[in-house]
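Student: no FASTA, just this:
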Ligand SMILES: O=P(O)(O)OC[C@H]1O[C@](O)(COP(=O)(O)O)[C@@H](O)[C@@H]1O
Ligand SMILES: [Mg+2]
Ligand SMILES: [Mg+2]
């Protein structure tokens, strides 16, 4: 009995969980895979379910407000930043295939298995994205990317093992903790979305093969910084406002990259975080914010640059380096590239 027939039998009860989807992807595209990878991804699904449970009860459980310490970015660490970080380090750290973790909340990489040849992967992540929105019940998220470590990595532990250009990614994804909890991931075979079904505690396939429209109706940027945007960004936003791209645009800005990107992935349009006076290099971090998002948007038919270069071709030089980010639909990205200041 094939899947189609099965679906007819089970009707609306025919669910595909993210684990099943990952295993199916592996069978289809990586028949010789050991299964370690799907075991690794289950660490992320478990951790993000635990974070989702905390977010759901944020006002009731002690996760609002800051812990009174600053992280390597000089930002006040929120209680949920620290909780999410601990949960991810635990759930990923116990997986033998994980050699190194790089987190927004830790100044240095966490080398878990420096001498274990089984440890093949490095995971870079932003445990809680959109921290300024935690206390006001606005969508926040988790962002991650997985790189394969060089085989001879074990006795060298060079930073360069992890500081790889985004085009080397083996998988990336994010989770949005919003009105529902949605996990979106790609292993290079398209982009797929799963909604957490609280009744069974599983991520269930809800958005298969996501593709963003070639042109959208929304642009997204923190326009409070407009005056300090470089001239070409200002000019571009004026073109969007003036209907220069043949359609009228509305502005949307949530202030959580993961949520602003999720909307862009579903509806199209463009998200921009330019260089600004307070962040001359841009605010977002290359390794665990811009690169995972860029991998996903390209898999879904969109474009991501640092305003000049393809994000996935940028060679990272430090773990927490920042970058400008322009990400979204083809038409808007092309128009941006052709806009002179
Ligand atoms: O308040 P601003 O300057 O617009 O910055 C908002 C951006 O900062 C971030 O909150 C930074 O991420 P973190 O919350 O993970 O530090 C992004 O999610 C968001 O896009
Ligand atoms: Mg972030
Ligand atoms: Mg964060």
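Tutor: Good, I have the coordinates. Bear in mind the structure is a predicted one, so any value in this text is a computation, not a measurement. Ligands and ions are numbered 1, 2, ... in the order given.

Student: And ligand 1, is stretch 177-186 touching that?
Tutor: No. Stretch 177-186 stays clear of ligand 1 (Cβ under 6 Å from any ligand atom), getting no nearer than 12.5 Å. To be clear about C-beta, it is placed using only N, CA and C from the backbone, and glycine gets the same treatment.

Student: quick one: pLDDT of residue 28?
Tutor: Here the pLDDT value assigned to residue 28 is 79.

Student: Quick check: buried residues in the helix or strand where it lies?
Tutor: Using DSSP states H and E, residue 28 maps to helix 18-29. Buried residues in helix 18-29, counted by 16 or more other Cβ atoms under 10 Å: 18-19, 21-22, 25-26.

Student: quick check, nearest of these to ligand 3?
Tutor: residue 18 (22.4 Å; Cβ to the ion).

Student: Point me to the helix or strand that includes the residue lying closest to the closest one once chain neighbours are set aside.
Tutor: The spatial neighbour of residue 18 that comes closest, neighbours along the chain excluded (Cβ to Cβ, 6 or more residues apart in numbering), is residue 203 at 4.1 Å. Using DSSP H and E, residue 203 sits in strand 202-207.

Student: Is there a neighbour count for the closest residue to residue 225 other than its chain neighbours? I'd like the number.
Tutor: Nearest residue to residue 225 in three dimensions, chain neighbours excluded: residue 276, at 4.3 Å (Cβ to Cβ, 6+ apart). Residue 276: 20 surrounding residues under other Cβ atoms under 10 Å.

Student: residues in contact with residue 276?
Tutor: 225, 228-229, 282-283 (Cβ atoms under 8 Å, 6 or more residues apart in numbering).

Student: which of these come close to ligand 2?
Tutor: Filtering the contacts of residue 276 for proximity to ligand 2 by Cβ under 5 Å from the ion leaves nothing.

Student: Hmm, residue 196 and the residue nearest to residue 18 touching each other?
Tutor: Yes. Residue 203 is within contact range of residue 196, at 5.4 Å (criterion: Cβ atoms under 8 Å).

Student: what residues do these two have in common as contacts?
Tutor: In contact with both residue 203 and residue 196: 49, 183, using Cβ under 8 Å, 6+ apart.

Student: sec struct for residue 243, please.
Tutor: The three-state label for residue 243, taken from DSSP: H, G, I helix; E, B strand; the rest coil, comes out as coil.

Student: quick one: stretch 98-106 near ligand 2?
Tutor: No. Judged by Cβ under 5 Å from the ion, stretch 98-106 and ligand 2 are separated, with a smallest distance of 6.3 Å.

Student: and that stretch, which residues are buried?
Tutor: Applying 16+ other Cβ under 10 Å to stretch 98-106 flags 98-106 as buried.

Student: just stretch 320-334 next, same as before
Tutor: For stretch 320-334, by 16+ other Cβ under 10 Å, it's 320, 322-329, 331-333.

Student: The nearest residue in space to residue 324 that is not next to it in sequence - how many residues pack around it?
Tutor: Excluding its sequence neighbours, the residue lying closest to residue 324 (Cβ to Cβ, 6+ apart) is residue 282, at 3.6 Å. Residues near residue 282, counting by other Cβ under 10 Å, number 22.

Student: Please tell me how far residue 282 sits from ligand 3.
Tutor: 15 Å (Cβ to the ion, to the nearest Å).

Student: ditto for residue 240
Tutor: 28 Å.

Student: tell me the phi and psi of that residue?
Tutor: Backbone torsions of residue 240, given as degrees, to the nearest 10, read phi -60, psi -40.

Student: Tell me how many other residues surround it.
Tutor: Neighbours around residue 240, by other Cβ under 10 Å: 24.

Student: who's in contact with it?
Tutor: Counted by Cβ under 8 Å, 6+ apart, residue 240 has contacts 219, 249, 270, 332.

Student: So the second one is in contact with residue 221, correct?
Tutor: No. Counting by Cβ under 8 Å, residue 249 stays clear of residue 221, with 11.3 Å between them.

Student: Which of the contacts of residue 240 fall in helices?
Tutor: Mapping these onto helices (DSSP state H) picks out residue 332.

Student: which one of the contacts of residue 240 is nearest residue 141?
Tutor: residue 270 (19.2 Å; Cβ to Cβ).

Student: ok so, going back, hang on, the residue nearest to residue 324 packs against residue 289?
Tutor: No. Assessed by Cβ under 8 Å, residue 282 is found out of contact with residue 289, at 10.0 Å.

Student: Overlap in contacts, the two.
Tutor: The contact lists of residue 282 and residue 289 share residue 325, where a contact means Cβ under 8 Å, 6+ apart.

Student: Name the SS class of the residue of the stretch 201-341 of the chain found nearest ligand 3, please.
Tutor: At 8.0 Å from ligand 3, residue 289 is the closest residue in the stretch 201-341 of the chain, using Cβ to the ion. Assigned with three-state DSSP, residue 289 falls in the helix class.
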